[in-house]
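# Give me coordinates for this.
(chains A and B)
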Amino acid sequence: MKYLGPVLALFLVFSLPIAAESAGELSEGFGALEEVLPDEILGLLPDGFFDGDAQVRAKSVREASRFSYMLGVVGEAVGLCLGDAVALFASLLGILLIGALAERVRSLFRSDMLRSVFTLAVSAALLSCIFSLQYRFFAGIMVFFERLSLLVNGMIPLTALLYAMGGNVTTAVVGNAGFMMFLNLCENFCAVSLRSAVGICTALAVCSAFTPSLNFTAIGNFVKRIYTFSLGFLMLLLSFSLSIQTTLTASADSVAMRGAKMLAGSAIPVVGGSVGETLKTVSGSVAFLKNTVGMGGIVLLALLVLPTFVSLLLYRLSLIAASACADFLGCAREAKLLSGFVTVYGYLLASVAICSVTFVFLLTVFVRCSVAV
Amino acid sequence: MDAAEICAAGIAVTLLLALLRQWNPAFDLPMKLAAAILFISVLLGLAAPLFSYVRSLLEMTAVKPYAELLFRALGVALLCEIAGGICRECKETTVGTFVEMAGRLEILILCLPLMEEILESVKGLLSL
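The predicted structure is shown next:
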């Protein structure tokens, strides 16, 4: 909730039509923005980004727009998350080694009672360890979605206000309102349905770990199919509406873009192909935002989305590696449990990818509306 | 005590038990119990450096509470398995079953805080 105001203020400040404006007023708006932006984002910005002097600020924004700077920011985000991801992997590996040792010892027990209860103890320890490591991260992801959802919902009345102020009601509504509403729905669906999908999958993973005799695969597959179908359908609708929209201009289909599409297709589960396909439009949207909002807005937008996305990717990689290690150590049950968590992370990643893409589109439509006013 | 000495002690105890069984079968069970206790204490003494090494390793990790609980559960299970085995060897199957059941109950009680932690986490996750 606390980031809703600043980010909206940011885009309002950036999206106002260019007019004779005194430098002092603009600096004032910029200064107010600095006060309300989260510390983790402020820490990543170069010195002088919110400076009162226009020349210093322009220099700072130029610095922030350099490729090496953005690469550094991504590197810093990776560096911050890498330590946690490696710690997660090391902890999981430690508990898996103990689990593998317990598996060997378990075979020494002749008593079925003791064998089953010891299996239960190992599963409980592993689950508890994973939950204690993951809970805070899940909570962080949910806060990200909540923030994004609030931001997107807050845009509807603002856009209506802009339409009313501009007087260009018919064109704006016909051209953009439907698309904007669809993007809003898409964003909200991802944020709301994710909780249920993650909750059900986690509960099933817990049940499977404690009662291996009961088969929850059918229920798990059903939830998975429903969720992936819904996300896929949403992306299909999005691709379709993008193909008939003229608001978001596409850039040239370069070799680099094809490489990025392939990477998105392989790295993001469920909706990777669709995200890869829409990358061209994302690129067009970013180019549009760059021309209207300015480079500063693009930098802040990237800083809002990138850390969550990168950390999710790294955590998922840690879990995949831990699952492979469990297989290697002969802990089939633990490997299955970790695979369940990899699936949950896949859903999170897919939802973050869709939300990020729709967020960029939403901003583009929003900024275009305000510019048209 | 190294492996060769343990092997020698094992053979000596077996021969002694065979002789005692011929001489007076009543000494068979007490001697077996004494031998079992002796060997367990020797084994524990041998494993002591290993335990302290594992403990020092666990001090450096985040999984220490879980590993400690698992080792405790392992200890209880092993103890009950040995005790139940001895009871069965003495043709007291019911007593052996009760001993194992007690072990099972103790391990379940040991797992209770973990279960509580897991349920709290799931509850928290669903209410996010």
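# Name the surrounding residues that touch stretch B:58-70.
Judged by Cβ atoms under 8 Å, 6 or more residues apart in numbering or on different chains, the contacts made with stretch B:58-70 from elsewhere in the structure are A:87, A:90-91, A:94-95, A:98, A:102, A:121-122, A:125-126, A:128-129, A:133, B:110-111, B:114. Backbone N, C-alpha and C define where each C-beta goes, glycine included.
# Put the alpha carbons of that stretch into PDB.
Taking Å, rounded to 0.1, in the frame of the first residue of the first chain, the C-alpha atoms of stretch B:58-70 are listed here in PDB:
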ATOM      1  CA  LEU B  58      26.000 -28.800  12.500                       C
ATOM      2  CA  GLU B  59      27.000 -25.800  14.600                       C
ATOM      3  CA  MET B  60      27.900 -24.000  11.300                       C
ATOM      4  CA  THR B  61      24.600 -24.800   9.500                       C
ATOM      5  CA  ALA B  62      21.000 -23.600   9.700                       C
ATOM      6  CA  VAL B  63      19.700 -27.200   9.900                       C
ATOM      7  CA  LYS B  64      21.000 -27.900  13.500                       C
ATOM      8  CA  PRO B  65      17.700 -28.100  15.300                       C
ATOM      9  CA  TYR B  66      16.300 -30.500  12.700                       C
ATOM     10  CA  ALA B  67      19.400 -32.600  12.600                       C
ATOM     11  CA  GLU B  68      19.500 -32.800  16.400                       C
ATOM     12  CA  LEU B  69      15.900 -34.000  16.400                       C
ATOM     13  CA  LEU B  70      16.600 -36.600  13.800                       C
END
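# and it, how far from the chain's centre?
Relative to the chain's own centre, stretch B:58-70 is displaced by 19 Å; criterion: Cα atoms, centre = their mean, to the nearest Å.
# quick one: buried residues of it?
By 16 or more other Cβ atoms under 10 Å in any protein chain shown, the buried positions in stretch B:58-70 come out as B:58, B:62-63, B:65-67, B:69-70.
# and if you look at stretch B:13-32?
Neighbour-count burial for stretch B:13-32, with 16+ other Cβ under 10 Å as criterion, is recorded at B:13, B:17, B:20, B:32.
# So for that stretch, first residue to last residue, what's the gap.
In stretch B:13-32, first residue to last residue: 9 Å (Cα to Cα, to the nearest Å).
# With stretch A:102-112 instead?
Across stretch A:102-112, the straight-line distance between its terminal residues is 15 Å, by Cα to Cα.
# mind listing which of the contacts of stretch B:58-70 are in helices?
Where the contacts of stretch B:58-70 overlap with helices, as defined by DSSP state H, the overlap consists of A:87, A:90-91, A:94-95, A:98, A:102, A:121-122, A:125-126, A:128-129, A:133, B:110-111, B:114.
# who's in contact with B:Ile6?
Residues in contact with B:Ile6 (Cβ under 8 Å, 6+ apart) are B:39, B:42.
# what mean pLDDT does the helix or strand harbouring it have?
Element membership of B:Ile6, judged by DSSP states H and E, is helix B:3-23. Helix B:3-23 comes out with an average pLDDT of 85.
# Switch the buried residues of stretch B:13-32 over to TSV; also include distance to A:Tyr345.
Supplementary listing: those in TSV, determined by distance: Cβ to Cβ, whole Å:
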residue	distance to A:Tyr345
B:Val13	56
B:Leu17	59
B:Leu20	64
B:Lys32	54
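# For the stretch 1-150 of chain A, which residues are neighbours of chain B?
Proximity of the stretch 1-150 of chain A to chain B is assessed by Cβ under 8 Å from any Cβ of the partner chain, with A:87, A:90-91, A:94-95, A:98, A:102, A:105, A:108-111, A:113-114, A:117-118, A:120-122, A:124-129, A:131-133, A:135, A:138-139, A:142 identified as the residues in range.
# What residues sit buried inside the lowest-mean-pLDDT helix or strand in chain B?
Taking mean pLDDT, DSSP states H and E as the measure, the helices and strands of chain B show their lowest mean at helix B:28-59, namely a mean of 81. Burial within helix B:28-59, assessed by neighbour count using 16+ other Cβ under 10 Å, is assigned to B:32, B:35-36, B:58.
# Out of those, which comes closest to chain A?
Within the buried residues of helix B:28-59, distances to chain A taken as Cβ to the nearest Cβ reach their minimum at B:Leu58, with 8.2 Å.
# any idea how far A:Phe328 is from that closest one?
As defined by Cβ to Cβ, to the nearest Å, B:Leu58 lies at a distance of 22 Å from A:Phe328.
# What residues does chain B have near chain A?
On the criterion Cβ under 8 Å from any Cβ, chain A has as its neighbours in chain B the residues B:61-63, B:66-67, B:69-70, B:73-74, B:77-78, B:80-81, B:84-85, B:100-101, B:103-104, B:107-108, B:110-111, B:114-115, B:117-118, B:121-122, B:124-126, B:128.
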